[in-house]
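>>> quick one, fold the following:
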Amino acid sequence: MRGPTEQEIRTRAYELWKDAGEPPGKMDQLWYQAEKELLARRATNGEAPCDINGHNGPSTYPERLRGVH
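From the prediction side, this is the model:
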């Protein structure tokens with residue numbers, strides 16, 4: 001299984017942020033929550049996690065998005 005794309009995570013994190021009332025300073029937490037949800041959804045659908053090249057853990061928050069929230 002491929003992991004969720006950056007755009008998929010970004011979209012879900014934005015939805016979570018909007019649903020939470022647009023809290024300042026929470027995008028890092030929401031980013032990881034979104035990624036976790038997307039990975040869990042794929043696992044529920046029977047897709048195995050990707051462990052190629054060590055990509056079996058959470059991704060890093062994109063550098064260009066740090067400090068943007």
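>>> which parts of stretch 21-29 are buried?
K26, M27 (16 or more other C-beta atoms under 10 Å). The way it works is simple: take the backbone N, C-alpha and C, and place the C-beta from them, glycine included.
>>> and after whichever strand or helix holds R10, which helix or strand comes next?
Per DSSP states H and E: R10 is located in helix 6-19. Following helix 6-19 in sequence order, the next helix or strand is helix 27-44 (DSSP H and E).
>>> packing partners for that following helix?
helix 6-19 (3 or more C-beta pairs under 8 Å, 6 or more residues apart in numbering; DSSP states H and E).
>>> any idea of the angle the helix holding R10 forms with helix 27-44?
120 degrees (axes from the mean of the first three to the mean of the last three C-alpha atoms, to 10 degrees).
>>> avg pLDDT for helix 6-19?
Averaging pLDDT along helix 6-19 gives 96.
>>> where does this structure have its least confident helix or strand?
helix 27-44 (a mean of 93; mean pLDDT, DSSP states H and E).
>>> can you show me the CA trace of it as PDB?
Extracted C-alpha coordinates of helix 27-44, given in PDB (Å, rounded to 0.1, in the frame of the first residue of the first chain):
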ATOM      1  CA  MET A  27      -2.000  22.200  12.500                       C
ATOM      2  CA  ASP A  28       0.900  20.000  13.500                       C
ATOM      3  CA  GLN A  29      -1.400  17.900  15.700                       C
ATOM      4  CA  LEU A  30      -4.200  17.900  13.100                       C
ATOM      5  CA  TRP A  31      -1.700  16.900  10.400                       C
ATOM      6  CA  TYR A  32      -0.700  13.800  12.300                       C
ATOM      7  CA  GLN A  33      -4.300  13.000  13.200                       C
ATOM      8  CA  ALA A  34      -5.300  13.200   9.600                       C
ATOM      9  CA  GLU A  35      -2.500  11.000   8.500                       C
ATOM     10  CA  LYS A  36      -3.400   8.500  11.200                       C
ATOM     11  CA  GLU A  37      -7.000   8.500  10.100                       C
ATOM     12  CA  LEU A  38      -6.200   7.900   6.500                       C
ATOM     13  CA  LEU A  39      -3.800   5.100   7.300                       C
ATOM     14  CA  ALA A  40      -6.400   3.500   9.600                       C
ATOM     15  CA  ARG A  41      -9.000   3.800   6.800                       C
ATOM     16  CA  ARG A  42      -6.700   2.000   4.400                       C
ATOM     17  CA  ALA A  43      -6.000  -0.700   6.900                       C
ATOM     18  CA  THR A  44      -9.700  -1.200   7.500                       C
END
